[in-house]
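Asks: Below are the sequence and a predicted model; questions follow.
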Amino acid sequence: MTDKQQHFLGGFCIAIVVADAAGFAGLALPAVMGMFAATAVGAWKEWIYDAARIDTHTVDKYDFLATVAGGIAGAVAFSVIQKVFTWTL
């Protein structure tokens, strides 16, 4: 798995987990919360974590964009799954 694929998968997983937790807690717009969480983690990882370890890590805007793309995909997947598996009694 390439580095960009790992970033995409990380963003996807973060978005799904945060959206599910937000939905379970009854918060509004859980998919958007998941997408923003993935974006925030991606930004933190690139511009804070990697920047502080410049001798062993490189700051790469494309890693950030891959994480954001995964977050968007995770938010969309959560929304679709939520619509499919939501039913009323």
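Replies: Sure thing, it's come through.

Asks: use CA for all of it now, contacts and neighbours both
Replies: Will do.

Asks: which stretches of this protein form helices?
Replies: 3-24, 30-44, 51-52, 61-84 (DSSP state H).

Asks: Most tightly packed of these?
Replies: Highest mean neighbour count of these: helix 30-44, a mean of 23 (counted as mean count of other Cα atoms under 10 Å).

Asks: tell me what that one is packed against?
Replies: helix 3-24, helix 61-84 (3 or more Cα pairs under 8 Å, 6 or more residues apart in numbering; DSSP states H and E).

Asks: Show me the one of those helices that comes nearest Gly42.
Replies: With Cα to Cα as the criterion, Gly42 lies closest to helix 61-84 of the helices and strands packed on helix 30-44, at 5.2 Å.

Asks: and the helices of the chain as a markdown table, adding mean pLDDT?
Replies: Converted to a markdown table, the helices of the chain look like this (pLDDT from 0 to 100):
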| stretch | mean pLDDT |
| --- | --- |
| helix 3-24 | 97 |
| helix 30-44 | 98 |
| helix 51-52 | 94 |
| helix 61-84 | 96 |
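
Asks: This completes my enquiry, with thanks.
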